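Colleague: Got a predicted structure plus its sequence, pasted below:
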Amino acid sequence: MTAEVINGKELAQEIRKEMKEEVLQLKEQGITPHLTVILIGDDPASKSYVRGKEKASYETGISSELIELPSSTTEKELLNRIDDLNHDDNVDGILVQLPLPSHIQEQHVIEAISPEKDVDGFHPISIGRMMTGKDTFLPCTPNGIITMLKSRNIQLEGKHAVIIGRSNIVGKPVGQLLLNENATVTYCHSRTKDLMEHTTTADILIAAVGKPNVIDAKYVKDGAAVIDVGINRLDDGSLTGDVDFDSVKDKASYITPVPQGVGPMTITMLLKNTIKAARGIHQ
Ligand code: NAD
């Protein structure tokens, strides 16, 4: 079997085209969705992610503002900035780019963002609403993954989904969203014994490990849909996923590439949340 490649870049472009129309309609009603991104310090990867978010916002007609703060910024100063943005009626969505310098506690920052402007979907209220199946801002990467699976009408109900990784931003929430879709979900992680025993029973396999090409064909059941979340930079500067694309593509039914896979979908779901925030606030 040769897998069908789900190209996240192409799918993202299709969705963004529709969003552009939606934003135009909102603008006719006097609403321009506005995203404010806070970047602390000068981590090159974070800078590049933020640039991608700004570019995509601009192309979709969403107004975006980048607040760059030095890495010496204190937690209190950051929380004050967030408080100002929470009270600024012109700001629909607030995103603080992670990771943060070690003297700032990530959870304090996440919880300081108003749940009405929580376009990353990381606030405990957003997570609680997601867990109970209520309407909310869904976390962007997990929502992007579900959107990719649904774009190919891949059946989720009753299927066995195995997630490798249990981070708060990818592994745990994507499992929850799959459970909400009536899949049977298994979480695997660094302490899982005999990983292969689990992954080879997966109809849907999600790799969110952060280690280059660790999931090869041996880990994959014939005909599985394989989603590669990993973004790993190799010594030669190129990017690769967690999945060994070349071996797995001959065994899976669907596969996502890296780059041009989950990454562009993550940004697209952020734009979706920003439009949702603008609608909610101005309703
Ligand atoms: P993380 O480091 O927080 O979590 C990694 C998870 O992998 C952990 O839960 C750990 O238990 C598990 N793990 C590590 N080694 C393992 C092993 N040998 N076997 C089984 N499980 C193992 O990372 P994260 O934030 O969840 O990100 C994972 C990857 O996804 C990274 O490469 C990251 O860059 C990428 N990522 C991509 C996007 C995107 O938009 N495409 C978004 C977020 C993260």
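Modeller: Here it is on my side, so go on.

Colleague: Could you pull up the residues touching the spatially most central residue of the chain?
Modeller: Taking Cα atoms, centre = their mean, the centroid of the chain lies closest to residue 141, which sits 1.6 Å from it. For residue 141, the contact set (Cβ atoms under 8 Å, 6 or more residues apart in numbering) comprises 169-170, 174, 229, 262, 265-266, 269. (Glycine included, C-beta is placed from N, CA and C.)

Colleague: check which helix or strand covers it.
Modeller: Assigned by DSSP states H and E, residue 141 falls within helix 140-151.

Colleague: for residue 90, same thing?
Modeller: Per DSSP H and E, there is no helix or strand for residue 90.

Colleague: hmm, back to that, residues of the helix holding residue 141 that come out buried?
Modeller: Buried residues in helix 140-151, counted by 16 or more other Cβ atoms under 10 Å: 140-149, 151.

Colleague: Repeat that for stretch 232-247.
Modeller: Buried residues in stretch 232-247 (16+ other Cβ under 10 Å): 232, 240-245, 247.

Colleague: got the angle for the helix or strand hosting residue 47 vs helix 140-151?
Modeller: Secondary structure assignment for residue 47, by DSSP H and E: helix 44-60. Per axes from the mean of the first three to the mean of the last three Cα atoms, to 10 degrees, the angle that helix 44-60 makes with helix 140-151 is 50 degrees.

Colleague: Which neighbouring elements make contact with the helix or strand immediately after helix 44-60 in the chain?
Modeller: Going down the chain from helix 44-60, the next helix or strand is strand 63-69, by DSSP H and E. Applying 3 or more Cβ pairs under 8 Å, 6 or more residues apart in numbering; DSSP states H and E, we find strand 63-69 packed against strand 34-40, helix 44-60, helix 75-86.

Colleague: Any buried residues in the last one, and which?
Modeller: Within helix 75-86, the residues that count as buried by 16+ other Cβ under 10 Å are 78-79, 81-82, 85.

Colleague: cool, the second one as well?
Modeller: Residues of helix 44-60 classed as buried under the neighbour-count rule (16+ other Cβ under 10 Å) are 46, 49-50, 53-54, 56-57, 60.

Colleague: from memory residue 254 sits against residue 226, does it?
Modeller: Yes: proximity of residue 254 to residue 226 meets the contact threshold set by Cβ atoms under 8 Å, at 6.8 Å.

Colleague: So these two - more neighbours on which side?
Modeller: Neighbours per residue (other Cβ atoms under 10 Å) separate residue 254 from residue 226, with residue 226 holding more: 29 against 20.

Colleague: what kind of secondary structure is the more buried one in?
Modeller: Judged by DSSP: H, G, I helix; E, B strand; the rest coil, the three-state class of residue 226 is strand.

Colleague: Dig out what it forms beta bridges with.
Modeller: residue 205, residue 255 (DSSP bridges).

Colleague: for the ligand, what are the nearby residues on this structure?
Modeller: Residues of the chain lying close to the ligand (Cβ under 6 Å from any ligand atom) are 141, 164-167, 169-171, 188-190, 192, 195, 208-211, 229-232, 262-263, 266.

Colleague: If any of these are buried, put those into a ChimeraX selection.
Modeller: Of the residues of the chain next to the ligand, the buried ones go into a single ChimeraX selection, burial set by 16+ other Cβ under 10 Å:
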select :141,164,165,166,169,170,171,188,192,195,208,209,229,230,231,232,262,263,266
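
Colleague: Narrow the residues of the chain next to the ligand to those in strands?
Modeller: 164, 188, 232 (DSSP state E).

Colleague: quick check: domain ranges of this protein?
Modeller: Listed by automatic domain parsing, the domain ranges of the chain are 30-114, 140-263.

Colleague: hang on, the earlier thing: export the buried residues of helix 44-60 as CSV, with columns for pLDDT and distance to residue 32.
Modeller: As requested, those are exported to CSV (pLDDT from 0 to 100; distance: Cβ to Cβ, whole Å):
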residue, pLDDT, distance to residue 32
46, 95, 26
49, 93, 23
50, 96, 20
53, 96, 17
54, 96, 15
56, 96, 16
57, 97, 11
60, 97, 11
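
Colleague: Find the residue ranges of this protein scoring beneath the pLDDT cut-off.
Modeller: The model of the chain has pLDDT under 70 over residues 281-283.

Colleague: one more time with 50
Modeller: The chain contains residues with pLDDT under 50 at 282-283.
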